[in-house]
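**Q** missing the sequence, but the structure's below:
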């Protein structure tokens, strides 16, 4: 299907172009690694593809309490950023496993969250880190948590005429990402799980753990039951085992050609355990907090 | 040394089948059956014919009008006329001015189907070993093989232990990087097709047969091949492209998509192996294999796989008695086809896992157990053939040494294991080949009909042979390619035979040239000074000119050529190699055909794995291959072939399988979920040792190399997993989920592999 490729140089221009025509007839494109394939498979047939590649959305900015990642920064750039590796190990670990190096030079975080794939390796760490999105259109800007934003595959709260400008993540956040695939490289994870420990605020002793699973259906899942088993900032082995078991029980899974439901549960249990242990190890190495 | 085709291929300067184009060319695409088995109620191509830029549509109707002499063959029509036999079977083709127009028009072809029950799962249909009388009446049996030596049942009754297991292997595909592609052009009586093929001459014969033409009217020209692995042995697209070209009066380009590659090319289909072994006094005395082989929609009488493969399940081991029985079943899957050592990795997975599990059950070291039974040169094997030069015993000794060293390093660490496996192979020595050599002052050229498929056997192998026989450096030897109307006959680049058979033809051609030069030297050459000859002539290449040396005297080649030869560029010779076929004692075979083996080649492999016991994930950490090489013609090419085969075998072992829906449709017809190994899957240590000296029938004693090194890979990995965990996985591939099931981490899901339920008799210990 033929389409028009538009390359706006300012946000105002992009917003205007995205509003053209009937809803769905204009689509925003970041790296294009998912959108162009979906068009090839005839899932979408937009009349206009509005490339965000020339907009000033391609920088990573570290502030005092958060990092702001532009929606068109290539995954590879974020992956290789030593500040990300230090401050957000769970994201860094997940980034290194997306597709191939070639693909990561092209694909973006903004594109990945809009794609909202149930098997995304990036959504679990981002949701676990309480990532928020800046979304804008001609009508203005709004901020939304990623967990709210994602509905299911290709379905998000993005409205016609809107685009994702950036992702904001509080830093630093110790954590880990654990995954498994039938083939380790260039494959889709059967299960992926991010474990992140948020800092405790105002002297309260209640730890703030996030355990978020992907490779599940129909979308990335925050496993609150599992999180609530971790009663302290330095959980015991029993607490870790309990958290892993609860995760396996509460997660919603399906059987598909990549794994059986029962296996996914078993896998999640093993990966949650390993993710928590690895997070604690990192905390110990970093002197704890 | 850099391979001569490396740079141009890297730079994109070599034309593969997929790259072909011609002026005024049309682009053709397929319309295929969505159902594995369905009656075609109606086919409406009117809208497609009227679509923009469409120039021709081919259905079975056009086939019949173009080929009036050809009766519609209901079992194997060129295009579906009445009913589909497998999902993806071609129904029609659309040719248009552009690929996009052809694709758009193909979507306008309307077909109505009456879906029939599809037979795609041999396991559910034959959960027990079927009764012979029942099978005699079953029209789906394509072939039945029954052969034996001695009385297996009698030995089973009197032995110490009968070990019985069931092994299963899935559909696997060759997955060449370059899809099947061709460019056809019919001009008058000249049916010319350029295509990516392993067998130009085989294709010519097949096309002449399909199109009802004399072979002289069909001209097949091979292109550079982007991987074949047996998948490019047969004519798949060429007849369709030729008929479209005839219909449209234009050149037609036809190439498969990757989805179509998975759906309708010929490949390996599932198999179920029922293995039984008898032990007496600590020795393996008898084995029985019962094999159910899914041969897809293959035609009766066209089945080669069963009789060829069954023998591999005995392994290269001494046996007092054996019984082999198998059924090839016609199903609604794509027809079975050759695939790098067809079915041998699957047979060897069953046989070598079974032997390993038997040794462990007996409490015996699996490698020692193999050493105690391995065939050695000079002995008579269970097939009644004399074992020729065969390096298996030496390879096992070397592998054993390395295994001990690895074990000493591992110190029994949790989740680690080492497995060994032995495979044997037989080179296709009986298929003939010819080459025409021309030796001129500028060098030696080899005119032949094959194209390089990537193994290096043509671009380097033939040149290495000519170089070693004549003394010329490789740079003075050139390979020339021609279509089937100009090139001398060859059987094709398959069966690990190219260097062996075509190489022998080149070798013979070289020797004939040297003999002729020797004769002329003695006669004084043409117009040159004569002289007494002392020793055989050797060719030199000095200042880019060929010279001839005998003893300590050197003369220019030109001085030994006739005037006519000088004018025509050199002296000619025609090397031909038509090897003999081995015979098998036919009294062993009760029914069907069992293929004899010739030129035995051994592969002994070791795999070291690391297993995550909480998830079942397997990582192959180190790998070693001890290969029976005969004589290595081209060391780098040799190593490349072995490395490639190991990696391909790791795919069969760990990740590759075709998955079907209950309706028999392929779920993973694409590279996303049909997982071939990537560079990340290469073990961190890959050790390859070529054992030379056990000479084969190729030039200088060379043996085939392309296929043997893939054969033991799945078995070596499975045995390493069993060593690491104590759990035996009896289904390929060893995905994390399957290993988790074997470890008891989960129970349900895919079918549980049947456990060995042999009646353990006195002396049997559970291992």
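**A** Cool, the structure landed. Note that the structure is a prediction, hence the values are computed from the model and not measured.
**Q** distance of whichever residue of the stretch 101-250 of chain A sits closest to chain B from residue B:262?
**A** At 3.5 Å from chain B, residue A:185 is the closest residue in the stretch 101-250 of chain A, using Cβ to the nearest Cβ. The C-beta positions use only the backbone N, C-alpha and C, and glycine is treated the same way. Taking Cβ to Cβ, to the nearest Å as the measure, residue A:185 and residue B:262 are separated by 21 Å.
**Q** What sits closest to the residue nearest the centre of chain A if chain neighbours are left out?
**A** By Cα atoms, centre = their mean, the mean C-alpha position of chain A lies nearest to residue A:123, the distance being 2.3 Å. Leaving out its chain neighbours, the residue that sits closest to residue A:123 by Cβ to Cβ, 6 or more residues apart in numbering or on different chains is residue A:220, at 4.1 Å.
**Q** Run a quick neighbour tally on residue 103.
**A** If you meant another chain, say so; for now it's chain A. 15 (other Cβ atoms under 10 Å in any protein chain shown).
**Q** if you could check chain B rather than the one you did, that'd help
**A** 14.
**Q** Please enumerate residues in contact with stretch A:222-232?
**A** For stretch A:222-232, the surrounding residues in contact (Cβ atoms under 8 Å, 6 or more residues apart in numbering or on different chains) are A:127-128, A:147, A:205, A:207, A:209-213, A:235, A:239-240, A:242-244, A:246-247, A:249-251, A:272, A:276.
**Q** Pull the contacting residues for the residue of the stretch 401-550 of chain B found nearest chain A.
**A** Across the stretch 401-550 of chain B, no residue is closer to chain A than residue B:415, which sits at 13.0 Å (Cβ to the nearest Cβ). Listed by Cβ under 8 Å, 6+ apart, the contact set of residue B:415 reads B:610, B:611, B:612, B:613, B:724, B:725.
**Q** and the spatially closest residue to it that is not a sequence neighbour, backbone torsions?
**A** In space, and not counting its chain neighbours, residue B:415 is closest to residue B:611: 4.6 Å by Cβ to Cβ, 6+ apart. Main-chain dihedrals, residue B:611, degrees, to the nearest 10: phi -120, psi 140.
**Q** returning to what we had before: relative to residue B:581, which of the contacts of residue B:415 is nearest.
**A** residue B:724 (43.5 Å; Cβ to Cβ).
**Q** what's the helix or strand for the closest one?
**A** When elements are assigned from DSSP states H and E, residue B:724 belongs to helix B:713-725.
**Q** So the single nearest residue of the stretch 501-650 of chain B relative to chain A: helix, strand or coil?
**A** Closest approach of the stretch 501-650 of chain B to chain A (Cβ to the nearest Cβ) occurs at residue B:614, with a separation of 3.8 Å. Assigned state for residue B:614: coil (three-state reduction, DSSP: H, G, I helix; E, B strand; the rest coil).
**Q** what's the closest non-adjacent residue to it?
**A** According to Cβ to Cβ, 6+ apart, the nearest residue to residue B:614 is residue A:270 (3.8 Å).
**Q** Tell me the confidence at the one you found?
**A** As predicted, residue A:270 sits at a pLDDT of 98.
**Q** out of residue A:185 and residue B:262, which sits in the busier spot?
**A** Neighbour count, other Cβ under 10 Å: between residue A:185 and residue B:262, residue B:262 has more, with 22 against 15.
**Q** would the more buried one count as being in a strand?
**A** No. Read with three-state DSSP, residue B:262 is helix and lies in no strand.
**Q** Residue B:728 contacts residue B:722, correct?
**A** Yes. At 5.0 Å, residue B:728 counts as touching residue B:722 under the criterion of Cβ atoms under 8 Å.
**Q** Could you chop chain A up by domain?
**A** A:4-51, A:60-170, A:175-285 (automatic domain parsing).
**Q** which SS state does the residue nearest in space to the middle of chain B fall under?
**A** Relative to the mean C-alpha position of chain B, the nearest C-alpha, by Cα atoms, centre = their mean, is the one of residue B:340, at 2.5 Å. Classification of residue B:340 using three-state DSSP returns coil.
**Q** and the closest residue to it other than its chain neighbours, what does it touch?
**A** Nearest non-adjacent residue to residue B:340, counting by Cβ to Cβ, 6+ apart: residue B:229, 4.6 Å away. With contact taken as Cβ under 8 Å, 6+ apart, residue B:229 is in contact with B:174, B:175, B:176, B:339, B:340, B:648.
**Q** Residue B:41: neighbour count?
**A** Around residue B:41 there are 10 residues (other Cβ under 10 Å).
**Q** same question, the one 4 residues further on
**A** By the measure other Cβ under 10 Å, the count of residues near residue B:45 is 23.
**Q** again with residue B:137
**A** That count, for residue B:137 with other Cβ under 10 Å as the rule, works out to 8.
**Q** near chain B, which residues of chain A?
**A** Contact residues, chain A versus chain B (Cβ under 8 Å from any Cβ of the partner chain): A:180, A:182-188, A:190, A:255, A:257-263, A:266-267, A:270-271, A:273-274.
**Q** Who are the contact partners of residue B:475?
**A** Contacts of residue B:475 by Cβ under 8 Å, 6+ apart are residue B:541.
**Q** Helix, strand, or coil at it?
**A** Applying three-state DSSP: residue B:475 is helix.
**Q** Find me the pLDDT at it, would you?
**A** For residue B:475, pLDDT reads 94.
**Q** which ones are touching residue A:220?
**A** Residue A:220 neighbours (Cβ under 8 Å, 6+ apart): A:118, A:120, A:123, A:124, A:127, A:147, A:150, A:212, A:213, A:214.
**Q** Give the buried residues for the longest helix that chain A contains.
**A** Longest helix of chain A, by residue count under DSSP state H: helix A:261-285. For helix A:261-285, burial by neighbour count (16 or more other Cβ atoms under 10 Å in any protein chain shown) applies to A:261-280, A:282-283.
**Q** got it, and stretch B:103-116?
**A** Neighbour-count burial for stretch B:103-116 [16+ other Cβ under 10 Å]: B:104, B:105, B:106, B:108, B:109, B:111, B:113.
**Q** residues touching the closest residue to residue B:737 other than its chain neighbours, list them.
**A** Nearest residue to residue B:737 in three dimensions, chain neighbours excluded: residue A:263, at 4.6 Å (Cβ to Cβ, 6+ apart). For residue A:263, the contacting residues are A:190, B:736, B:737, B:740, B:741, B:746, B:749, by Cβ under 8 Å, 6+ apart.
**Q** Widest-spaced pair of the residues you listed?
**A** A:190 and B:741 (14.0 Å).
**Q** so where's the stretch 101-250 of chain A shaky on pLDDT?
**A** By pLDDT under 70, the weakly predicted segments of the stretch 101-250 of chain A are A:201-206.
**Q** before we move on, the earlier item: how much space between the residue nearest to residue A:123 and residue B:430?
**A** Relative to residue B:430, and taking Cβ to Cβ, residue A:220 is found at 60 Å.
**Q** just residue B:688 next, same as before
**A** 29 Å.
**Q** burial measure for the residue of the stretch 1-150 of chain A at minimum distance from chain B, as a count.
**A** As assessed by Cβ to the nearest Cβ, chain B sits closest to residue A:100 within the stretch 1-150 of chain A, at 8.1 Å. Residue A:100 has 13 neighbours, counted by other Cβ under 10 Å.
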